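> Next comes the sequence, and after it the predicted model I'd like to discuss.
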Amino acid sequence: MDFAFTDEQVELKRQARAWLAERYPLDRDFDAPEDDRWSELAELGWLGVSVAEDEGGVGLGFVEEAILLEELGYALYPGPYLATVGFALPSLGPDERAAVASGETKWSAEIRGFVPWLSSVDKVVDMDGNAQDARGEELPTVDPSRPLGRLERTNGAPLPGARDVAHARAAMAAEAVGIAQRALELGIEHAKTREQFGKPIGVYQAVSHQLADTYTDVELARSLAYWAAWCVAEDDEQAAIAAAAAKAFATEAAVAACERSIQVLAGIGFTWEHPLHRLYKRALWLEGLGTRPSELRAEVAEALLGVAVPA
Amino acid sequence: MDLRDTPEEAAFRAEVRAWLDTNLPEEKRGWRGGAQRFDDAFGREWSRKLYEAGYAGLTWPKEYGGAGAPYSFQAIFYEEMAAAQAPAHVGVIGLGMAGPTIMAHGTDAQKEAHLAKILSAEEIWCQGFSEPDAGSDLAAARTRAERRGDVYVVNGQKVWSSFAHIADFCILVTLSDPEAARTKGLTYLVVDMHAPGIEVRPLRQITGEAEFNEIFFTDVEVPVSNRLGEEGEGWQVAMTTLLHERATLGFALTAALDVGVGRLLSTAREHADGDQGHRERIAAEWIELQALRYTNYRALGTYQRTGMPGPEGSAIKLRWSEQNQRMTKLGRELLGPEGILDDGWWHHQQLRSRGNTIEAGTSEVLRNIIAERVLGLPRSR
């Protein structure tokens, strides 16, 4: 057993962090329209990470995608990578996969009646696993960069792959870990530098212990997210329960991390100007999309204990 | 990254499982822990069996009588012990703390005298760190060691020492130079618990049992040759002990929790009431257990690559202790009115779990350690 990243995976994480930091710094203007740099993502190979080499991809797997998703979350990347690679890709056939890897087609998927990024993608995997054109009404959400759409269905074209719920959940968990990590770092930075009563506020345990709690949450969430990623990548029999556990825990951890950091940053953390609320909103979006944490725990309970029998 | 056992690991796992199947009597499975581990003579007999089978000191170097196995084998061993609900080796302080400290700082004579006997459970060890006025603050230790020729004369009191009433030796942090700056005046000694002047008094705890003891030292003569490290270097030596405690603790803790969650699931099946709230809380505990398990694996990866425990490890004890408190509370709650019957398993576990956030570093101290050493926040003191 070896639960550490390979040198190549460590390097991928480092490169992704650096590339994103330069193009998507946290002090950017979030209220202006953002470029998702989709063709650059294709050139980097990020869109085809798990697509076979003879289909124009890189031929790696979901663990590498999870690494990228964590970093995309960390940078608050605006584009529909999560929808295309995290939600839709497992349902697609070879031609569609090649068109994803080349950056030609953006995809999303219908999740409990909603299609994230409906108006900015080309195609949608619907609830029945058919391909649909991305058409329909779009609704704003708590996270302004992530609207949800109501799909206008036609008959659709059947897709070869089944919908992969575990894959989608594990992808959301990975992104949530990146968000939680960023919120933690913002809290730490503030607690080190902000002075009150003549001392940096990090010396006060009422402040520092909140950040210590966020740290333990993030580490545990990361462990679950990587476990789920590995199970999904290897098609392990525990993939379903691991992904349910990871999505429940990591999205709640991300929400809690943001809430604690808002408290630690106090006034400034409550302003529109500070990016913390953007992280918070993305965490809330991830927690709320699809199956929510309490429902996921009910699923886990069913797997462990069988169906609930009322007394 | 590969969570599957390597062929060597799989073979070792199968071997341990088969050995436990053959050697562990049915009635000795699922101990409730606490004082039973030393009150029952089986504890020592079982420890010797583990030693003879080569399972004591799995990761110790071969030159010291260990198996020289990688840490993943230790992890597998704990997992299989947990799955069989097997009692642990009674010499946990010797194996996890005293032994590694002697290997790091001991003289050849000290290594020769103790290491083999720690493995075989011939020598049981206890730890003399905490004092009535020095709990979390080890540097405030006041147990005096005065150098007189070839001996240190020790006077003072230690507290919360498990195994002291059956121990043969104690790893003791003493104050040898009261004038020295904080931490510079400490000296680390190995003390024969059968020496004149030592009195051990059991300390009855909230479960009603006595797992811990007070140790009183009155003019106890300890040969200078029993010192570990130099005079005044007790702090550094003690840090080695605590580092080893934390490096290997995670898997042992998670193994115990694994047994607990397994029991929680069977309690839930026996007392199924369809209560969604209970079911959700049970799932949450199972999820937290997996989170701790895979955090251990990540820490193990760091440890095997760097030889030093990574920062993940510091989170594990903190979360484990809080989870054990929640889980035992839930286990008792699932029993309904039967949950308060005296001497019930969950009842006992719930009471015992209150010590988990105090022993081996209070949760408050662990949060300080995380804040200062992992997150780099300014010191609070």
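Received the coordinates, thanks.
> so, in contact with chain B or not, the helix or strand in which A:W230 is found?
Secondary structure assignment for A:W230, by DSSP states H and E: helix A:205-233. Yes. Interface with chain B: helix A:205-233 contributes A:205, A:208-209, A:211-213, A:215-216, A:219-224, A:226-227, A:230 (C-beta under 8 Å from any C-beta of the partner chain). All C-beta spots, glycine's among them, are computed from the backbone N, C-alpha and C.
> Number of residues surrounding the nearest residue to B:H89 once chain neighbours are set aside?
Spatial nearest neighbour of B:H89, chain neighbours left out: B:S47 (4.6 Å); criterion: C-beta to C-beta, 6 or more residues apart in numbering or on different chains. Per other C-beta atoms under 10 Å in any protein chain shown, the neighbour tally for B:S47 reads 26.
> ok, now which ones touch A:N130?
A:N155, A:G156, A:A157, A:P158, A:L159 (C-beta atoms under 8 Å, 6 or more residues apart in numbering or on different chains).
> Any idea what it is bridged to?
A:P158 (DSSP bridges).
> tell me the pLDDT at it?
On pLDDT, A:N130 comes in at 96.
> SS state for the residue nearest to B:H89?
Here B:S47 is recorded as helix under DSSP: H, G, I helix; E, B strand; the rest coil.
> wait, it sits on B:A56?
Yes. If you go by C-beta atoms under 8 Å, B:S47 and B:A56 touch, sitting 7.1 Å apart.
> hmm, the longest helix anywhere in chain B in reach of chain A?
For chain B, the longest helix by residue count, based on DSSP state H, is helix B:234-270. Yes. For helix B:234-270 and chain A, the contact criterion (C-beta under 8 Å from any C-beta) is met by B:L265, B:A268, B:R269.
> which of those tops the neighbour count?
For the residues of helix B:234-270 next to chain A, the largest number of neighbours (other C-beta under 10 Å) sits with B:A268, at 21 neighbours.
> what about the chain, any weak spots by pLDDT?
Answering for chain A, as no chain was given. Counting by pLDDT under 70, chain A contains low-confidence residues at A:309-311.
> Actually, chain B is the one I wanted.
Flagging of chain B using pLDDT under 70 yields the residue ranges B:32-33, B:244-248, B:310-313, B:343.
> What ranges does it have for its helices?
With DSSP H as the criterion, chain B has helices at B:7-23, B:36-39, B:42-52, B:71-83, B:92-93, B:99-105, B:108-119, B:234-270, B:276-306, B:312-334, B:345-353, B:363-369.
> which secondary structure elements does the shortest one contact?
Okay, so that is helix B:92-93. If you count contacts as 3 or more C-beta pairs under 8 Å, 6 or more residues apart in numbering or on different chains; DSSP states H and E, helix B:92-93 packs onto strand B:125-128.
> now the strand it packs on: how far from the chain's centre is it?
The chain centroid and the centroid of strand B:125-128 are separated by 11 Å under C-alpha atoms, centre = their mean, to the nearest Å.
> What strands flank it, and is each parallel or antiparallel?
Applying DSSP bridges, one finds strand B:125-128 paired with strand B:169-175 (parallel).
> ok, and what's touching the partner strand?
If you take C-beta under 8 Å, 6+ apart as the criterion, strand B:169-175 is touched by B:93-94, B:97-98, B:101, B:114, B:123-129, B:138, B:141-145, B:152, B:154, B:156, B:158, B:161, B:164, B:185-193, B:215, B:222, B:228, B:234, B:238, B:241.
> For B:N23, give me its contacts.
B:K49, B:A53.
> The helices of chain B: which one's closest to A:A298?
Evaluated with C-beta to C-beta, those place helix B:276-306 nearest to A:A298, the distance being 6.2 Å.
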